[in-house]
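**Q** Any chance you could fold what I've pasted below:
(2 chains)
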Amino acid sequence: MILTLDQVGKDFGGLKALSDVSFTVNQGDIFGIIGPNGAGKTTLFNLITAIFPPTHGRISFKGTELVGLKPYKITALGIARTFQNIRLFSNLTVLENVMVGAHTRMKSGVWRGLWQTPAQKHEEKAARERAKDLLNFVGIEAITDLSDSLAYGQQRRLEIARALAVEPDVLLLDEPAAGMNESETEDLMHLIRQIRDMGKTIVLIEHDMNLVMNICNRLAVINFGLKIAEGTPADIQANSEVIEAYLGKEDA
Amino acid sequence: MDFILNPYYLQIGMFIMINAILGVSIYLTLATGQLSLGNAGFMSIGAYTSALLTLKAGFPVYLAIPIGGFAAAAVSAVIGFPALRLKGLYLAIATLGFGEVVRVVFLNLKITNGALGLSGIPSLGILLGKALSSAGFDQGMGGLSVQQLSNVSVLLILLILVVFLVFFSLRLSRCRVGRAFAAIKTDETAAEAMGINTTYYKLLAFLLGAFIAGVAGALAAHITFYIGPKDFDYHRTVEILLFAVLGGSNLVWGPILGATLLTMLPEVLRAASDYRMMIYGAILVTMMAFRPQGLISEETLRFWKAKLGRRKEHDLNS
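**A** Numbers count the residues shown, from 1 in each chain, chains lettered A, B, ... in the order given. Coordinates of the predicted model:
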């Protein structure tokens, strides 16, 4: 039980984007969240990372209540995320983007940065080496280029490397395979499994059913802001309510 | 030698340095993507604080100038907390309003002598001249008179300060704090999701900018011996903003180049001095239309690096 959502809901004005969603993610899970467009999946990620607060409900991470905490505090606790619409720092190089991810794991302030004290140099060097390792791990070579010069699929991988630099326990991936072709998706599945094997817990939102059914050990299905099913991929594939949400109801 | 070292040129040199310092101050707040137009206000706080401390309280100049900077930073911390909740244009309007409030306060206070301003502020040049005389250089040195010597020393002190600020900015951009600034500038939400305390870093940038503007104001007061509320009005704000717009705000070199060019412009175009604000306006419009990133951007730097690098290679081969 690393991440628990309890009766979480979000209203935007009169619109109920999410209502009473509860689920539990266990250590080592690859937990999939699926559902039609506009079902409220990304809203769920935004609530967990406190981009905005939930209207009601509780979210706890390793026993700590997250509701009311600032986003940077939640990241420091060990939750990192990627974004559906890629949000890299385009004015920084690929390597610097990953080093920004290590921000909470570093200490040097203005003074140490100005005089480049031995402690700062040491920290900076360690962060750079680690960032290089992570880029090597996700398979990006052009580390001194500006991040927006990377190809689309590479930018998605860079987002993952940047999130891993946070040294998170839980990694939230928002449609990591969006816009990727079949072989890229295949590589991505391999990468996600490797990250799980590093001891990380993964929660991912995805539309690619092949990916979801192959790598997730558990799934939650969201439709119109409600959780309509939860279970193993096999359970979900057999669930009539889920089939209805995706394919529509058959006329009698 | 006398031609180059005439007081007029030396004075322009000093103004260029002061404006370059102001350029660094707006560069630092812009580094986090915040358009703050309060720099003229912070400058005036520094100027009045330092001038009053030396005139009325007998503080030595070298102590009063940094205190001027700290006074500006202290005020920026008070207004920063509420103001930095505002974004983009709203922050610009709020800080512009702040600058006007500061000006009106100085215009109406008794101690600041209202619209007449403060005169007879101890001058850095004269103080240095006295120091040089008492150190035994009263006949001058190397063919320079004491007055020239002291003016050159002031210019050198200012130059050292500018060099230090450039060094500071460059070091900053290559460390954890600078990366946090850059991340906030491109995408505040993503920066916060990557664990950056955006409020803290935005306030830090705002404070640093205000401190440097305050120091620049204090220095200006001790170079011109006179300050009045009119020196820190809306026109001054626009001028400081123009340093960044003309030179570019992505690298610290930009505002410094902008400050240098714009300080020299009215001197070169003496005859057109009545049209100064019109020329500024024209520059602003032209830059926005044709080169919104300013004269110096990362690409400019990359281009020249590549070009010079190739020439070196070429020289080696031939």
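**Q** For the least confident helix or strand in chain A by mean pLDDT, buried residues please.
**A** Least confident helix or strand of chain A, by mean pLDDT, DSSP states H and E, is helix A:240-247 with a mean of 84. Using 16 or more other Cβ atoms under 10 Å in any protein chain shown as the test for burial, helix A:240-247 gives A:Val242, A:Ala245. Bear in mind the C-beta positions are built from the backbone N, C-alpha and C, glycine included.
**Q** what's the closest non-adjacent residue to the closest residue to chain B within the stretch 101-250 of chain A?
**A** Going by Cβ to the nearest Cβ, chain B is nearest to A:Gly113 of the stretch 101-250 of chain A, at 3.1 Å. Excluding the flanking residues, the one nearest A:Gly113 by Cβ to Cβ, 6 or more residues apart in numbering or on different chains is B:Cys175, at 3.1 Å.
**Q** Chain B contacts on the stretch 1-150 of chain A?
**A** Within the stretch 1-150 of chain A, the positions lying close to chain B (Cβ under 8 Å from any Cβ of the partner chain) are A:49, A:51, A:70-72, A:75-76, A:80-81, A:83, A:87-92, A:96, A:99-101, A:103-104, A:106, A:108-110, A:112-114, A:116, A:120, A:123-124.
**Q** Could you turn the buried ones of the residues you listed into a ChimeraX selection?
**A** The buried subset of the residues of the stretch 1-150 of chain A next to chain B, as determined by 16+ other Cβ under 10 Å, is captured in ChimeraX by this line:
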select /A:49,51,71,72,75,76,80,81,83,87,88,89,91,92,96,99,100,101,103,104,106,108,110,112,113,114,120,123,124
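**Q** List the ones among the residues of the stretch 1-150 of chain A next to chain B that fall in helices.
**A** A:71-72, A:75-76, A:96, A:99-101, A:110, A:112-114, A:120, A:123-124 (DSSP state H).
**Q** Could you work out the most separated pair of these?
**A** The most widely separated members of these, counting by Cβ to Cβ, are A:Pro71 and A:Leu114 (27.8 Å).
**Q** where does the stretch 51-200 of chain B have low pLDDT?
**A** Counting by pLDDT under 70, not a single residue of the stretch 51-200 of chain B qualifies.
**Q** Enumerate the residues of it near chain A.
**A** B:168, B:171-172, B:174-180, B:182-183, B:185-187, B:189-198.
**Q** and the residue most central in space within chain A, backbone torsions?
**A** Among the residues of chain A, the one closest to the centroid is A:Leu172, at 1.8 Å (Cα atoms, centre = their mean). When read as degrees, to the nearest 10, the backbone of A:Leu172 gives phi -100, psi 120.
**Q** just A:Gln27 next, same as before
**A** Dihedral pair for A:Gln27: phi -50, psi 130, per degrees, to the nearest 10.
**Q** for it, what are its contacts?
**A** Listed by Cβ atoms under 8 Å, 6 or more residues apart in numbering or on different chains, the contact set of A:Gln27 reads A:Met1, A:Ile2, A:Thr201.
**Q** how near is the second one to chain B?
**A** Taken as Cβ to the nearest Cβ, to the nearest Å, the spacing of A:Ile2 relative to chain B amounts to 18 Å.
**Q** Across the sheet, point out what pairs with the nearest residue to A:Gly57 once chain neighbours are set aside.
**A** Nearest non-adjacent residue to A:Gly57, counting by Cβ to Cβ, 6+ apart: A:Val8, 3.4 Å away. A:Val8 has these beta-bridge partners by DSSP bridges: A:Val21.
**Q** Then the one 4 residues further on?
**A** Bridge pairing for A:Phe12 (DSSP bridges) gives the partners A:Leu15.
**Q** That one and chain B: what is the separation?
**A** With distances taken as Cβ to the nearest Cβ, A:Phe12 is found 17 Å from chain B.
**Q** Count the neighbours of that residue for me.
**A** 11 (other Cβ atoms under 10 Å in any protein chain shown).
**Q** before we move on, back to that, from the residues of the stretch 51-200 of chain B next to chain A, list the buried ones, please.
**A** So, by 16+ other Cβ under 10 Å, the buried ones in these are B:168, B:171-172, B:175-180, B:182-183, B:185-187, B:190-198.
**Q** Which of the helices or strands spans the residue nearest to B:Leu118 when sequence neighbours are not counted?
**A** Computed as Cβ to Cβ, 6+ apart, the closest residue to B:Leu118 that is not its neighbour in sequence is B:Ala51, at 5.0 Å. Element membership of B:Ala51 [criterion: DSSP states H and E] is helix B:39-56.
**Q** if we can go back for a sec, ok, the residue nearest to B:Leu118 touching B:Gly120?
**A** No: the criterion here is Cβ atoms under 8 Å, and B:Ala51 misses it with B:Gly120 at 9.4 Å.
**Q** Name all residues that make contact with the residue of the stretch 101-250 of chain B found nearest chain A.
**A** Closest contact between the stretch 101-250 of chain B and chain A, by Cβ to the nearest Cβ, is at B:Cys175 (3.1 Å). By Cβ under 8 Å, 6+ apart, the contact list for B:Cys175 reads A:Ser108, A:Arg112, A:Gly113, A:Leu114, A:Gln116, A:Gln120, A:Glu124.
**Q** Farthest pair within the residues you listed?
**A** It's A:Leu114 and A:Glu124 that sit farthest apart of these, by Cβ to Cβ, at 12.9 Å.
**Q** that older thread, is it true that the residue nearest to the centre of chain A touches A:Phe83?
**A** No: look at A:Leu172 against A:Phe83 with Cβ under 8 Å: they stay out of range, at 9.7 Å.
**Q** quick check, distance from stretch B:43-53 to the centre of its chain.
**A** 15 Å (Cα atoms, centre = their mean, to the nearest Å).
**Q** and if you look at stretch A:26-34?
**A** So, by Cα atoms, centre = their mean, the centroid of stretch A:26-34 is 11 Å from its chain's centroid.
**Q** in the helix holding B:Ala51, what's buried?
**A** So, applying 16+ other Cβ under 10 Å, buried residues of helix B:39-56: B:39-55.
**Q** Output it in PDB with nothing but the alpha carbons.
**A** The C-alpha trace of helix B:39-56 is given here as PDB (Å, rounded to 0.1, in the frame of the first residue of the first chain):
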ATOM      1  CA  ASN B  39      13.200  48.700 -10.700                       C
ATOM      2  CA  ALA B  40      13.100  52.500 -10.800                       C
ATOM      3  CA  GLY B  41      11.200  52.400  -7.500                       C
ATOM      4  CA  PHE B  42      13.800  50.100  -5.900                       C
ATOM      5  CA  MET B  43      16.500  52.300  -7.400                       C
ATOM      6  CA  SER B  44      15.000  55.400  -5.800                       C
ATOM      7  CA  ILE B  45      14.800  53.600  -2.400                       C
ATOM      8  CA  GLY B  46      18.500  52.800  -2.600                       C
ATOM      9  CA  ALA B  47      19.300  56.400  -3.700                       C
ATOM     10  CA  TYR B  48      17.300  58.200  -1.100                       C
ATOM     11  CA  THR B  49      18.400  55.800   1.700                       C
ATOM     12  CA  SER B  50      22.100  56.200   1.000                       C
ATOM     13  CA  ALA B  51      21.800  60.000   0.400                       C
ATOM     14  CA  LEU B  52      19.900  60.600   3.600                       C
ATOM     15  CA  LEU B  53      22.200  58.400   5.700                       C
ATOM     16  CA  THR B  54      25.200  60.300   4.500                       C
ATOM     17  CA  LEU B  55      23.600  63.800   4.600                       C
ATOM     18  CA  LYS B  56      21.600  63.600   7.800                       C
END
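**Q** Following the chain past it, name the next helix or strand.
**A** Next along from helix B:39-56, by DSSP H and E: helix B:61-83.
**Q** Stretch B:127-136: which residues count as buried?
**A** B:Leu127, B:Leu128, B:Gly129, B:Leu132.
**Q** hmm, back to that, give me the subset of the contacts of A:Gln27 that lies in strands.
**A** A:Thr201 (DSSP state E).
**Q** Is there a quick ChimeraX command that grabs whichever of the contacts of A:Gln27 are buried?
**A** Isolation of the buried members of these (16+ other Cβ under 10 Å) is achieved in ChimeraX through the command below:
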select /A:2,201
